[in-house]
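1. sequence-free structure coming up:
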């Protein structure tokens, strides 16, 4: 008979009992991702990071330890410095990486911010490790972009067009105020001589220092005047001076500062993160295409590893490609041999740049897929399907009438690139049986615009895309950058930056890309 029958038995429990092993490493599984983080960073050369420490004073936490806990925290979806500091005291992998150190959240956050100027150098060392182990090469680059919300109030917007209208209203206000004191001839001559004060209003909006000087002289002019209510001119002048001092001058200074912050290349900015631009986000809680302050994030990948990254303030991907490839060269000292991207990057300027740098483009253009459809090829009214006579430089419409050259128009992009479009017009569309199907114009003739250079570049891109290598690259493109964005944005839930400012945002995204590469490497080691 079992003596323990009917008795409750517990496992031994003694909080004061010492146990072995005493090493935290023995408590971590052999294939745990933290081991990959530790191994890779131990083999990386971190001279740029070590060079930031000048020495002297008290001892500092080792940057290698801080980099390990920071990267491992991002791999575990722990990004806030307070949570990382808490995990170092409570989480076994963090405690093992820290080696008994317990930096506070101020130290972790300061280390992350100070990595900004050297984030690309540290990222490059990780890439060198991957190249050395044969995991990636620098031959092919798959490029794509996404928009990520900035850490800014989505209602703190400043629009370039609205700012222009506000400055015009301010100029009109100043003009009216100056016209009130124009009647005081003595004061007018003392301030500006024979110049009409109202004519200077628009210049003063752009010159807050000049406006401040005007306010100073107005106040000086009436400083010794009588305060008697009978002296209406002095009373009006004092009221104008108060209005200029308390309202117009602060507004003029604010408008000038905001214009400088927006710059010539942007159309909007946020007041709480002045480097953020308002963009249309896919992740819209209102489901109505609401504009939010954010950044356009570009990455180049290979085998789902991030080879380079860049942060842009332009909503469109087209303008980002050249800067992104130049950043690739700045890191590695060379351009990629092949570039694969979707139709968002297919422009004359980008094709011209890639051709000039001997980069084979597998880059779609906006009509690439439609051109493969039967309805497109069989549509005789499309300009692409109209017969062209290069000797006479004319096209023939479905009715057999000629479209002859009329003029050339120069079109300049926001980036400053100039394209030449040749316009052709039909000799006569009157009484044409194809008029309704051929053109929407009710009275005019059919006209078409042709960009010769772009058409030649598109023909080269089409040949690359339709080749055997191009088809293989197009299939890979669907699973290259999208897999990276899928992990970072959806698996890790990173849809909004924690830091503010272009440089800090670049640092944070660089840490995320390194964390992704380390997790991808850890998954390969477990396979």
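-> Received, thanks. These figures come from a predicted structure and were not determined experimentally.
2. any stretches of the stretch 1-150 of the chain with poor pLDDT?
-> In the predicted model, the stretch 1-150 of the chain carries pLDDT under 70 at residues 1-6, 20-21.
3. how about the helices of it, start to end?
-> Per DSSP state H, counting those that start in this stretch, the stretch 1-150 of the chain has helices spanning 33-43, 47-50, 63-75, 81-90, 92-98, 105-114, 119-132. These are given in chain order.
4. Serialize those helices to a markdown table and add fields for mean neighbour count and distance to residue 171.
-> (C-beta placed from N, C-alpha, C; glycine too.) Written out in a markdown table, the entries for the helices of the stretch 1-150 of the chain read as follows (neighbours: other C-beta atoms under 10 Å; distance: least, C-beta to C-beta, whole Å):
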| stretch | mean neighbour count | distance to residue 171 |
| --- | --- | --- |
| helix 33-43 | 19 | 58 |
| helix 47-50 | 15 | 50 |
| helix 63-75 | 22 | 50 |
| helix 81-90 | 17 | 47 |
| helix 92-98 | 21 | 59 |
| helix 105-114 | 17 | 41 |
| helix 119-132 | 18 | 44 |
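5. for residue 410, what are phi and psi?
-> With angles defined as degrees, to the nearest 10, residue 410 shows backbone torsions of phi -90, psi 130.
6. re earlier: reformat the helices of the stretch 1-150 of the chain as CSV; add distance to residue 507.
-> Rendered in CSV, the data for the helices of the stretch 1-150 of the chain read as follows (distance: least, C-beta to C-beta, whole Å):
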stretch, distance to residue 507
helix 33-43, 17
helix 47-50, 13
helix 63-75, 11
helix 81-90, 13
helix 92-98, 20
helix 105-114, 7
helix 119-132, 5
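7. relative to residue 321, which of those helices is closest?
-> Each of the helices of the stretch 1-150 of the chain was scored for nearness to residue 321 using C-beta to C-beta, and the closest is helix 119-132 (18.3 Å).
8. show me what that closest one packs onto, helices and strands only.
-> Here helix 119-132 is seen to pack against helix 33-43, helix 47-50, strand 305-312, helix 321-332, helix 502-526 when contacts are counted using 3 or more C-beta pairs under 8 Å, 6 or more residues apart in numbering; DSSP states H and E.
9. so which of the ones you listed is the most surrounded?
-> Relative to the other members of the helices and strands packed on helix 119-132, strand 305-312 carries the highest mean neighbour count by mean count of other C-beta atoms under 10 Å, namely a mean of 23.
10. contacts for that one?
-> By C-beta atoms under 8 Å, 6 or more residues apart in numbering, the surrounding residues in contact with strand 305-312 are 123, 127, 130, 135-136, 138, 141, 145, 295-301, 319-320, 323-324, 327-328, 331-332, 484, 502, 505-506, 509-510, 513, 516-517, 520.
11. can you do 6 Å?
-> Taking C-beta atoms under 6 Å, 6 or more residues apart in numbering as the criterion, the residues outside strand 305-312 that touch it are 136, 295-296, 298-300, 320, 324, 327-328, 331, 484, 505-506, 509, 513, 517, 520.
12. roughly how far apart are residue 523 and residue 477?
-> The span separating residue 523 from residue 477 equals 21 Å under the rule C-beta to C-beta, to the nearest Å.
13. residues near residue 449, how many?
-> For residue 449, the count of nearby residues is 12 (other C-beta atoms under 10 Å).
14. pretty sure it is in a helix, no?
-> No - assignment of residue 449 by DSSP: H, G, I helix; E, B strand; the rest coil gives strand, placing it outside any helix.
15. contacting residues for it?
-> With contact taken as C-beta under 6 Å, 6+ apart, residue 449 is in contact with 421, 423.
16. hmm, try it at 8 Å
-> Residues in contact with residue 449, defined by C-beta under 8 Å, 6+ apart, are 409, 421, 422, 423, 424.
17. bridging residues for it?
-> Note on residue 449: beta-bridge partners residue 423, judged by DSSP bridges.
18. so for it, what's the pLDDT?
-> Per-residue confidence at residue 449 stands at 93 (pLDDT).
19. distance check, the nearest residue to residue 41 once chain neighbours are set aside against residue 144.
-> With C-beta to C-beta, 6 or more residues apart in numbering as the measure, residue 68 is the residue that lies nearest to residue 41, at 5.4 Å, once sequence neighbours are left out. Between residue 68 and residue 144 the distance, using C-beta to C-beta, works out to 29 Å.
20. for the helices and strands packed on helix 119-132, which one sits closest to residue 175?
-> Relative to residue 175, the nearest member of the helices and strands packed on helix 119-132 by C-beta to C-beta is helix 502-526, separated by 37.7 Å.
21. packing partners for that closest one?
-> Contacting helix 502-526 under the criterion 3+ C-beta pairs under 8 Å, 6+ apart are the following elements: helix 33-43, helix 63-75, helix 105-114, helix 119-132, strand 291-302, strand 305-312.
22. PyMOL command for the buried members of the contacts of residue 449?
-> Applying 16 or more other C-beta atoms under 10 Å to the contacts of residue 449, the buried members can be selected in PyMOL as follows:
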select buried, resi 421+424
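23. out of the contacts of residue 449, who's nearest residue 338?
-> For these, the closest approach to residue 338 (C-beta to C-beta) belongs to residue 421, at 29.9 Å.
24. which SS state does the closest one fall under?
-> The three-state label for residue 421, taken from three-state DSSP, comes out as strand.
25. wait, it touches residue 411, no?
-> Yes - shown here, residue 421 and residue 411 form a contact pair, counting by C-beta atoms under 8 Å, at 5.9 Å.
26. what's the separation between residue 370 and residue 464?
-> Distance from residue 370 to residue 464, counting by C-beta to C-beta: 18 Å.
27. check residue 161 too.
-> Relative to residue 464, and taking C-beta to C-beta, residue 161 is found at 40 Å.
28. do I have it right that residue 482 meets residue 142?
-> No - Residue 482 sits out of contact with residue 142 when judged by C-beta under 8 Å, with a separation of 9.4 Å.
29. quick check: mean pLDDT of stretch 266-285?
-> Computed over stretch 266-285, the average pLDDT equals 86.
30. what lies in contact with that stretch?
-> Applying C-beta under 8 Å, 6+ apart, the set of residues contacting stretch 266-285 from outside is 147, 149-154, 156-161, 258, 261-262, 289-296, 313-315, 495, 500-502, 505.
31. just the buried residues of these.
-> Among the contacts of stretch 266-285, those that count as buried by neighbour count (16+ other C-beta under 10 Å) are 147, 149-152, 154, 157-158, 258, 262, 291-296, 313-315, 495, 500-502, 505.
32. so, low pLDDT: which residues of the stretch 401-527 of the chain?
-> Low-confidence segments of the stretch 401-527 of the chain, defined by pLDDT under 70, are located at 527.
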